[in-house]
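Enquirer: This is a predicted model, with the sequence first.
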Amino acid sequence: MLNLDRISKKIIEQRKKLNLTQQELADALYVSRQAVSKWEMGKSLPSLDVLLEMTKLFAITIDYLMDDVDLKEDDYQIMFMQYPRESVIYHFLNQHDLNLHVKYIFYLLEPKERKQMIDQVLHQLIKLDMNALWICLSPDERMYVIANMLSKGLKEELFSLVHMMTNEEKKMMNLFID
């Protein structure tokens, strides 16, 4: 069953995220301000056509708007279903503690996105501890990190990861250090 109160709160939340007044939202959706007011008071629902336009404007899905579930801040799997990928990654990058959140998002990233994040961490463009990221990396990604850190002369930083390395990774590292 539809929860009009929950839907109205989501409409208000999304409108405010875009810094829109009720009138501005009404204008964008080609409806009256009174219609927006009724939606936000939980007295009515937008038509299906308006709902579709609203989801485009807010960059959300109808499921998110109509579902009776609140989205947790670290539920990246649901976020990826509800929002554009760039928005979810932007949300992650703006978290207070990336080291805590990386384990919830990294495995959901596409290979290209994973590589970009690894490169940004290696170039210190993202303030993420390599120890927190290391446990999320595939064997190939780990080898890439080792080679990259060695080529940049970051041996001390690499030694902080040794306790998490496989024997093969340690051997690779020793080949280049000796």
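Expert: Everything's here; your move.
Enquirer: what's the following helix or strand after the host helix or strand of residue 12?
Expert: Using DSSP states H and E, the secondary-structure element containing residue 12 is helix 4-17. Along the chain past helix 4-17, the next helix or strand (assigned with DSSP H and E) turns out to be helix 22-29.
Enquirer: Leaving out the residues flanking it, which one is nearest to the residue minimising distance to the centre of the chain?
Expert: When C-alpha atoms, centre = their mean is applied to the chain, the residue found nearest the centroid is residue 88 (2.6 Å). Closest residue in space to residue 88, ignoring its immediate chain neighbours: residue 79 at 4.5 Å, by C-beta to C-beta, 6 or more residues apart in numbering. Glycine gets a C-beta too; all of them are placed from N, C-alpha and C.
Enquirer: The one you found: which element?
Expert: Under the assignment given by DSSP H and E, the secondary-structure element containing residue 79 is helix 76-82.
Enquirer: Give the rounded mean pLDDT of that helix.
Expert: What helix 76-82 shows for mean pLDDT is 81.
Enquirer: Any buried residues in the helix or strand just after it, and which?
Expert: Going down the chain from helix 76-82, the next helix or strand is helix 85-93, by DSSP H and E. Under the neighbour-count criterion of 16 or more other C-beta atoms under 10 Å, helix 85-93 has 88, 89, 91, 92, 93 buried.
Enquirer: List the contacts of the residue nearest to the centre of the chain.
Expert: The contact partners of residue 88, by C-beta atoms under 8 Å, 6 or more residues apart in numbering, come to 76, 79, 80, 105.
Enquirer: Looking at those, which is nearest residue 6?
Expert: Nearest to residue 6, judged by C-beta to C-beta, of the contacts of residue 88 is residue 79 at 17.8 Å.
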